[in-house]
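1. I'd like to go over a predicted model; first the sequence, then the structure.
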Amino acid sequence: MLKLLKWSTEMEIRPIHTETDYKAALREVSTYFENEPEPGTPDGDRVEVLLTLVEAYEAKHFPVGLPDPVEAIRFRMEQGGLSPKDLVPAIGQLNRVYEVLAYKRPLTLNMIWRLHEKFGIPAESLIRPSKVSTRSSSSSVALRPAGHT
């Protein structure tokens, strides 16, 4: 048999519409950090709902953009304990790997595909313009025919 949850009228939580609402919610949530309530308790439920509202407000008002392509590669290398030599199958010769990591060579479409396939780096992160594009007038992603890197 389904048990219906009864919401307490004491909760009185409202949506976060303004910066003032946001700061008030952060203040209230921070009071629970030293003494974290048990999940499923009234205080635990309150914190969970407040955190959900705070996260939704932050996602809307402070969106986090995608990382620079080279930073995405470096992050994956750090995560997986990879060395530049490990990137050779995806990027090409070792000197080419170092050129990419130093922003001296843009990623090609084939490199992007192989980095995504072999290392699980989101393609969305790899196709963004990188710092290399600000150093030259060309795009950071060089489109070359298949088989050329």
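-> In hand now; what should we look at? Residues are numbered from 1 along each chain as shown.
2. how about the contacts made by the closest residue to Ile91 other than its chain neighbours?
-> Of all residues not flanking Ile91 in the chain, Val97 sits nearest, at 4.8 Å (Cβ to Cβ, 6 or more residues apart in numbering). Any C-beta I mention is one placed from the backbone N, CA and C, and that applies to glycine too. With contacts defined as Cβ atoms under 8 Å, 6 or more residues apart in numbering, the neighbours of Val97 are 84-85, 87-88, 91.
3. quick one, which of these are buried?
-> 84, 87, 91 (16 or more other Cβ atoms under 10 Å).
4. just give me the longest helix of the chain.
-> helix 42-61 (DSSP state H).
5. picking up where we left off before, just the ones of the buried ones among the contacts of Val97 in helices?
-> Ile91.
6. in TSV, list the buried ones among the contacts of Val97 along with pLDDT and distance to Val64.
-> Shown next, in TSV, are those (pLDDT from 0 to 100; distance: Cβ to Cβ, whole Å):
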residue	pLDDT	distance to Val64
Pro84	97	27
Leu87	97	25
Ile91	97	26
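7. domains for the protein, by residue range?
-> Under automatic domain parsing, the residue ranges defining each domain of the chain are 19-61, 69-142.
8. most neighbours per residue, which of the ones you listed?
-> domain 69-142 (a mean of 16; mean count of other Cβ atoms under 10 Å).
9. that older thread, did I read that right, the residue nearest to Ile91 in a helix?
-> Yes. Residue state for Val97 (DSSP: H, G, I helix; E, B strand; the rest coil) corresponds to a helix.
10. now it: how far from Ser83?
-> 9 Å (Cβ to Cβ, to the nearest Å).
11. same thing with Pro42?
-> Pro42 is 51 Å from Ser83, by Cβ to Cβ.
12. do His61 as well
-> Here His61 is placed at a distance of 39 Å from Ser83 (Cβ to Cβ).
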